[in-house]
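Engineer: Return atomic coordinates for the entry below.
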Amino acid sequence: MAKEIPNLVAEARAGSGKGAARQTRREGKVPGIVYGDGKEPVSIAFDFNKLLTTLRAGRFMSTLWNLQVEGQDDVRVICRGVQRDVVKDLPIHIDFMRLRRTSKVNLFIPVEFINEDKCPGLKRGGTLVTVRPEVELVVTAGDIPDHLTVDLEGRQIGDTIHISDVTLPNGAKATIDRDFVIANLAAPSALRAEDDAEDGDTAEAAAEA
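Structural biologist: Down below sits the predicted model:
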């Protein structure tokens, strides 16, 4: 269930401080830094266009990356901050934190629903209402799940799916302690209207009695 860690390519950057960062930006690159794991910070730089494309693809802050810098060992990192130009909203600096395979990290993991064709509630016209398309988990950096699976087989209209109904990967746990809702199966509008009408008739009959 662990997903492949995507590569993120950077280059070593000489110097540090605001002057060096400005020079990097003048060269059409985005300066950055890698810190943590008891090691010295390392200055890096990214190709602006490639980084912007990756940022716009989404989930950048919640993805574990395999950072590749020529002449250095690959290192697993997670983004801890993207500074942006206040006017153009474009990246001007980026911070990464090193992680070991055994490090614990908070990440939002997407939820995937299966067996929709075996769900009686959906066959009756019910609607799957997703409350949490992603769930924040504490996971081990070396074993990050690609997604969480919710099995809809046998689910009826009115059923509610909680986090306790989902099998989490070994060593992972939700950051929220309570048994929160992930999704529910709502009745179709026609059925809800019919139920409302029946409730109204019952109330009217009771009043007349």
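Engineer: so where is the chain shaky, pLDDT-wise?
Structural biologist: By pLDDT under 70, the weakly predicted segments of the chain are 1-3, 190-209.
Engineer: All the helices of it, in order from the start?
Structural biologist: Taking DSSP state H as the criterion, the chain contains helices spanning 17-26, 48-56, 120-123, 189-208.
Engineer: Run the angle between the second one and helix 17-26 for me.
Structural biologist: Here the directions of helix 48-56 and helix 17-26 differ by 100 degrees (axes from the mean of the first three to the mean of the last three Cα atoms, to 10 degrees).
Engineer: counting contacts, what elements does helix 48-56 pack onto?
Structural biologist: strand 29-36, strand 91-98 (3 or more Cβ pairs under 8 Å, 6 or more residues apart in numbering; DSSP states H and E). All C-beta spots, glycine's among them, are computed from the backbone N, C-alpha and C.
Engineer: Single out the most deeply packed of those strands.
Structural biologist: Sort the helices and strands packed on helix 48-56 by mean neighbour count, taking mean count of other Cβ atoms under 10 Å, and strand 29-36 sits at the top with a mean of 21.
Engineer: Give me the distance between the residue positioned nearest the centre of the chain and residue 177.
Structural biologist: Closest residue to the average C-alpha location of the chain: residue 108 at 3.2 Å, with Cα atoms, centre = their mean. Per Cβ to Cβ, to the nearest Å, residue 108 is found 17 Å from residue 177.
Engineer: now residue 19
Structural biologist: Residue 19 sits 47 Å away from residue 177 when distances are taken as Cβ to Cβ.
Engineer: likewise residue 47?
Structural biologist: Remark: distance between residue 47 and residue 177 (Cβ to Cβ) = 42 Å.
Engineer: doesn't residue 10 make contact with residue 42?
Structural biologist: No - if you go by Cβ atoms under 8 Å, residue 42 and residue 10 don't touch, sitting 9.4 Å apart.
Engineer: which neighbours do those two share?
Structural biologist: Listed contacts common to residue 42 and residue 10 are residue 69; contacts here mean Cβ atoms under 8 Å, 6 or more residues apart in numbering.
Engineer: The two: who's more crowded?
Structural biologist: Remark: of residue 42 and residue 10, residue 10 carries more neighbours, 27 against 19, as counted by other Cβ atoms under 10 Å.
Engineer: Not counting its neighbours along the chain, what's nearest the more buried one?
Structural biologist: Nearest non-adjacent residue to residue 10, counting by Cβ to Cβ, 6 or more residues apart in numbering: residue 44, 4.2 Å away.
Engineer: List the beta-bridge partners for the one you found.
Structural biologist: For residue 44, the beta-bridge partners are residue 12, residue 32 (DSSP bridges).
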